[in-house]
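could you look at this predicted model? Sequence included:
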Amino acid sequence: MVNTDHIIANSDEAMDLTGERNALAIVDRYSDYKDCFPLATKDAPEAHGALLEFFGRSRPKYMWTDSAPELIRAISDMKIPHGKATPSRHQNNGFCERVVRKIVEGARAILEHAGLPSCFWTFAVRYWCFMDNVAVTNGDSPWNLRHGTGQYAGPLIPFGCSVDYLPKPETVKKLPKFEPRGHQGIFLGYYLQPGGQWKHEFLIFPLERFIDYEYARPRKMTELRPRRTMEAKLNGPVAFPSRRSTTS
């Protein structure tokens, strides 16, 4: 069985870099595999897209939600049997609400530790879910229980720390012959394909984009989008550039 519930963050301070104010948390009860998808609105098409991203090619046998109309429509469109909690009775969807609370508290702690402002919450919630999914407890992990491919064996990189990464090949080709190929960036998580499949891709923000950036001013939708790369690594001791800049 799969549970899902919305996270609503209506304040201006909670707006993500690209405008998202809401998210949809989804958790598989059998494996405890979870993810959290930022949404610009709370409507059915966005919920449908988040569900497709979570499930990939698979489909659950049964879903349970809080009876939100947009979830009823999105799940109906997917032809999945749907159990609905009694409206306004939070205990009927208590399991998912506890997961939501853990995601929010975990993301808040991650942002504080990294020294990043709250507008990075959309990356923090997915990073927290990923790290919780790959953690081995009592001999197994949600990652293996869902994918059945063994425990996650990739690198575990702290959120918000500085890394060296390779930009896209066309950018590298334009560099002068003797200029270093590696760029400095801030690590924001793991890029997952639909169904939670990781193809060795990371999400990185170029470090130079953080210099003197005014987060309080209006932002363009494409101004601070992360880079996707398959080449990223720590270079020396773990450091958090944003934490230094906010505390200096």
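That came in fine, so what should we check first? Numbers count the residues shown, from 1 in each chain.

from Asn22, how far off is Thr137?
Counting by C-beta to C-beta, to the nearest Å, the gap between Thr137 and Asn22 amounts to 30 Å. To be clear about C-beta, it is placed using only N, CA and C from the backbone, and glycine gets the same treatment.

neighbour count: those two, which is higher?
Asn22 (20 against 9; other C-beta atoms under 10 Å).

show me what contacts the nearest residue to the more buried one once chain neighbours are set aside?
Once its chain neighbours are removed from consideration, Asn22 has its nearest residue in Leu39; the separation is 4.6 Å (C-beta to C-beta, 6 or more residues apart in numbering). Applying C-beta atoms under 8 Å, 6 or more residues apart in numbering to Leu39 gives the contacts Glu20, Asn22, Ala23, Leu24, Glu46, Ala47, Ala50.

so of those, which ones are in strands?
Mapping the contacts of Leu39 onto strands (DSSP state E) picks out Asn22, Ala23, Leu24.

which one of those residues is nearest Ala85?
The shortest approach to Ala85 among the ones in strands among the contacts of Leu39 belongs to Leu24, at 15.8 Å (C-beta to C-beta).

what pairs with that closest one across the strands?
In this structure, Leu24 has beta-bridge partners His6, Phe37, where bridges are defined by DSSP bridges.

any idea of the pLDDT on it?
Model confidence at Leu24, given as pLDDT, is 94.

that one contacts Ile8, correct?
No - here Leu24 does not reach Ile8: they are 10.5 Å apart, not a contact under C-beta atoms under 8 Å.

okay, the two: which has more neighbours?
For Leu24 against Ile8, the residue with the higher neighbour count under other C-beta under 10 Å is Leu24, and the figures read 26 against 10.

what ranges of the chain fall below the confidence cut-off?
When residues are selected by pLDDT under 70, those of the chain lie in 9-19, 88-93, 168-182, 211-224, 244-248.

which stretches in it count as helices?
Chain-ordered helices for the chain, with DSSP state H as the definition, fall at 44-55, 69-77, 94-114, 121-134, 142-147, 169-173, 241-247.

which of the ones you listed sits most buried?
Ranked by average neighbour count under the criterion mean count of other C-beta atoms under 10 Å, those are headed by helix 121-134 at a mean of 24.

now it - C-alpha only, PDB.
What follows is helix 121-134, C-alpha atoms only, in PDB (Å, rounded to 0.1, in the frame of the first residue of the first chain):
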ATOM      1  CA  TRP A 121      13.900  23.400   0.700                       C
ATOM      2  CA  THR A 122      12.900  21.600  -2.500                       C
ATOM      3  CA  PHE A 123      16.400  20.100  -2.800                       C
ATOM      4  CA  ALA A 124      16.600  19.400   1.000                       C
ATOM      5  CA  VAL A 125      13.400  17.400   1.200                       C
ATOM      6  CA  ARG A 126      14.500  15.100  -1.700                       C
ATOM      7  CA  TYR A 127      18.000  14.800  -0.300                       C
ATOM      8  CA  TRP A 128      16.700  13.800   3.100                       C
ATOM      9  CA  CYS A 129      14.400  11.200   1.600                       C
ATOM     10  CA  PHE A 130      17.300   9.700  -0.500                       C
ATOM     11  CA  MET A 131      19.600   9.500   2.500                       C
ATOM     12  CA  ASP A 132      16.800   7.900   4.600                       C
ATOM     13  CA  ASN A 133      16.000   5.400   1.800                       C
ATOM     14  CA  VAL A 134      19.600   4.200   1.500                       C
END
